[in-house]
Every structure is written in structure tokens, then in C-alpha cells.
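S.K.: give the three-dimensional model of this entry:
(one chain, ligands or ions: 2)
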Amino acid sequence: MIRRRKTLTIMAIVVISAIGGHFVGERVTESLVPSVDAAGGQVKGANAVAPDRYVYYPGTETLAREEIRVIACGTGMPAARHGQAATCFLIETGNGDKFIFDIGTGSMANVAALMIPYQYLDKVFLSHLHTDHMGDIDALWAGGWTAGRPNALKVWGPSGQTPEMGTRYAMEHFLKFVNWDAVTRSFKITPVPGMIEVSEFDYKGENQVVYRENGVTIRSYPAIHTGDGPVSYDLEYAGMRIVFSGDTVPNKWFVKYARDADLVIHEAMMTPQQFMTFYNQPAQLAWRTCCEFHTSPQGFGKIMSTIKPRHAVAYHFFNEEGTRYEIYESIRETYSGPLSMATDLMVWNVTPEKITERMAVATEEAWSVPGTAKQPPPEKGRPNPTSAEIAAGRWDTTDVEKAMLDAWAEEHNLQDQDWRKMKK
Ligand SMILES: [Zn+2]
Ligand SMILES: [Zn+2]
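M.R.: Ligands and ions are numbered 1, 2, ... in the order given. Prediction:
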């Protein structure tokens, strides 16, 4: 991650060894290094707290009405890695809405670490149907079902050249893939949160409105990436615009419609050499991956120099010491404006006045946080997916559980019910 550095007065003690063994301490007040937009305060006493400018602690800040918060919950590649999930950006708007743009493999652990009640995490916008952009839909679908989402999951996504290449087909067949899960959970919990409402729109639509509600407008336009179907999105709220490229080569629609946006998130691939060195790709595939069906760092830079966002975000590369500087320098060949090299849990706050970049510091052991919503009750009359024959095989542990369960029933005023019947 490259941080922009602004105004920090550093204090350094320059120790100079002088002839005769003297040491001279000198206070340096001018910036010797570009400053960090961080330590903007003072610790006012031995037991006082330090000013907190570096990090975002999830769930501790309200959004202003005219503010958008964007959190990178996945910035990596299809190949799984512990430290970087595949593509996912959460966008929170000052009106209280939350939108998940792509939900790539592994990204739900980052979304969950933000400790947002699942009732608010019910709107997903898919840029395209590669698994590194939708692979963790299962974790959101089932995780939300078991942790409080009261309604169906809502998924927006593009059509394809044929119905089988579209979002509706993908979601309908996802539900077939998870059929056993859905049938059993529907019986044990409640069926409604296990449903998916799909809004499929024409992938060829140019700057078409695909969502408009509550002061938020989301538009799409075509992207060019491995086959027809992929799109880029533009979210507009309170006069500000966040643009998300999805996966694409540089294209005319993006350069036309993303112009003058506030925060522009666009893919920037690793260099061909990096694909060969780190990703074990042959030379032919390495350049094609970088630059034929994705956007090279130089191409990313040219796009940003042309559309001039207030702040550019590069993503879709494994971001580490071995890769980031070469990608950064390659972008800087063609773009000199504000830039974030995205990695997971990077956070941007966008207001009409300023855009800040920070890192979220999230617990490794987040639980789901209850919201205000209540799930509907179980649906009566559904057939029990456990047969009497299999249920009869249960080995009786009532003798060791009885005291515990009786106490539980009394404490919570439960009727004499399920666990006793279950034993029979
Ligand atoms: Zn893709
Ligand atoms: Zn991708």
C-alpha cells in the first residue's frame, strides 16, 4: 500500500560525532520525508489517548448524510490466498444503504469482519460471473440466513449472449447447487431468507439505470473481458460518484462515462514478468493475462490521466513487497494523480470536500451483530427432510442433557417441547 503523505513535521535527533568526542543533538523541524496525513494531534498527558488518524475501526463511526464509505473486502486474484480475497467492494452511503459490488472467493470473511448486521447486507451487484467476482455468494447467502437476514438476497447482474450466460441462470443454478442446504435450512429455520431475487439487465446497456432508490442511482455500461456480459458500475449518491470497473480492458465506455467521477476503482493487472515469475505462467499467457483481457498498469494510468478522477484505486493484483512497486512505477509512467494501491480492508471516506484513505483494523474473530429485523417464523407444513428411519437411529443422551435443557427451558419460558419429542 502506498500512502499519500502530506504535512507532518518530523522531529529527528541528528547525532553528529564531532572531533573530540562531542555529541550534538539537533532538532530538525522541516520535513525530510514527505509527510503522513495521520498524526494530526498531540498526546496531552501520560494517561491520555493518542489521536487516531491512521485506522478505521469498523462500527465506530457514523456516516454524514453527504458521505460515502468504500471498503475493499477483496482485491486479489482467482487463486486463493490467506491475506487477500478475490474481488469485493462494499459501498456504504450516508442514507444508510449498503451495496456489495462483487463477492469474490474468500471475501465474505472481510465483509463479516466489519460487523454489519446481515439485514443490511442484502444487495449484491455482480460485474460478471467469474468466480473471483461471485464465488463467496454462498457465504453471504447462508451466513445471512443463519444470522438474521429477514428477506431474500437481492442480486443484480448482467445478461449474456444467451440466457445460460446470464446472471439469472447463474443464480438459479447456484440454488440448485445448494439445494440440499436450502431444503434442510428452510425446514429448520425459515425459508424466505434462502431465496434470491435476481434483477438481470442488458449487458449492452450504455449508462443505463439498473437501480434507483432512496437517493442512490446505479448505472451500468459494457466492459470488455473474455466474453460478452461483463459490465462496469457507476454509483451516484449526494452528487458524488463511485465507479467500479469490474474486469475489463481499457474501453471507450469507461473513458466516456467514468469521466470526472469522485472515486474510480479500476483493475490494474500484474506485469507479464510478475505473472511469469510469481504465477508460473508461460510467456504467452502472461502477456495475455496482463494486457489482452485485463488492463496493464500503464493502461490503467492512461485511463486515469484521461478521466481525471478525484482519486484512483488500482486493484486485482497480489499486493505485496515483491509486486507493488513495479506495478506502482508502471502506473506512474502514465498517471500522476491521487492513487491507492488497494489491498483488503482499505477504506475510503468520500465527501464533497475530501477523500481519505485508511486501513480498517478488524477483529479476526468477529461474530455476526444482531440488527433490528426479525426473521419470519418457520413455515408450517414443509415435509421433514429427515426420515423416521434415520431419526430412529439417534442414540439417547437425554440422561446427561436433561438438567441442562430443563434449566434452559425454565430460564427462557419454553414449553415442554422439541428436545423431548426429539428423543422419541
Ligand atoms: Zn474476470
Ligand atoms: Zn477478476
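
S.K.: what does the protein put close to ligand 1?
M.R.: Contact residues (Cβ under 5 Å from the ion) of the chain with ligand 1: 130, 247. From N, CA and C alone the C-beta is placed, and that goes for glycine too.

S.K.: what about the helices in the chain?
M.R.: For the chain, applying DSSP state H gives helices covering 108-113, 131-134, 137-146, 167-177, 179-188, 252-257, 272-277, 283-291, 297-307, 324-332, 388-391, 398-411, 418-423.

S.K.: among those helices, which comes closest to I218?
M.R.: helix 252-257 (12.5 Å; Cβ to Cβ).

S.K.: want to try CSV for the helices of the chain, with mean neighbour count as columns?
M.R.: Output for these, formatted as CSV (neighbours: other Cβ atoms under 10 Å):
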stretch, mean neighbour count
helix 108-113, 22
helix 131-134, 22
helix 137-146, 21
helix 167-177, 16
helix 179-188, 15
helix 252-257, 16
helix 272-277, 18
helix 283-291, 17
helix 297-307, 21
helix 324-332, 17
helix 388-391, 8
helix 398-411, 11
helix 418-423, 12
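
S.K.: in TSV: the ones you listed, plus mean pLDDT and distance to ligand 2.
M.R.: Converted to TSV, the helices of the chain look like this (pLDDT from 0 to 100; distance: least, Cβ to the ion, whole Å):
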stretch	mean pLDDT	distance to ligand 2
helix 108-113	98	16
helix 131-134	98	4
helix 137-146	97	15
helix 167-177	98	15
helix 179-188	96	26
helix 252-257	98	15
helix 272-277	96	14
helix 283-291	95	10
helix 297-307	98	14
helix 324-332	98	16
helix 388-391	97	42
helix 398-411	93	47
helix 418-423	55	46
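
S.K.: what does the stretch 1-150 of the chain put close to ligand 2?
M.R.: Looking at ligand 2, the residues of the stretch 1-150 of the chain close enough under Cβ under 5 Å from the ion are D132.

S.K.: residue ranges in the stretch 1-150 of the chain under the pLDDT threshold?
M.R.: For the stretch 1-150 of the chain, the stretches with pLDDT under 70 are 1-40.

S.K.: just want the residue of it that's nearest ligand 1.
M.R.: Residue of the stretch 1-150 of the chain nearest ligand 1, by Cβ to the ion: H130 (3.5 Å).

S.K.: wait, that residue touches P78, no?
M.R.: Yes: the pair H130 / P78 is scored as a contact, 7.1 Å apart, by Cβ atoms under 8 Å.

S.K.: of those two, who's got more company?
M.R.: More crowded of H130 and P78, by other Cβ atoms under 10 Å: H130, with 22 against 13.

S.K.: and that one, what is it in contact with?
M.R.: The contact partners of H130, by Cβ atoms under 8 Å, 6 or more residues apart in numbering, come to 78, 226, 247.
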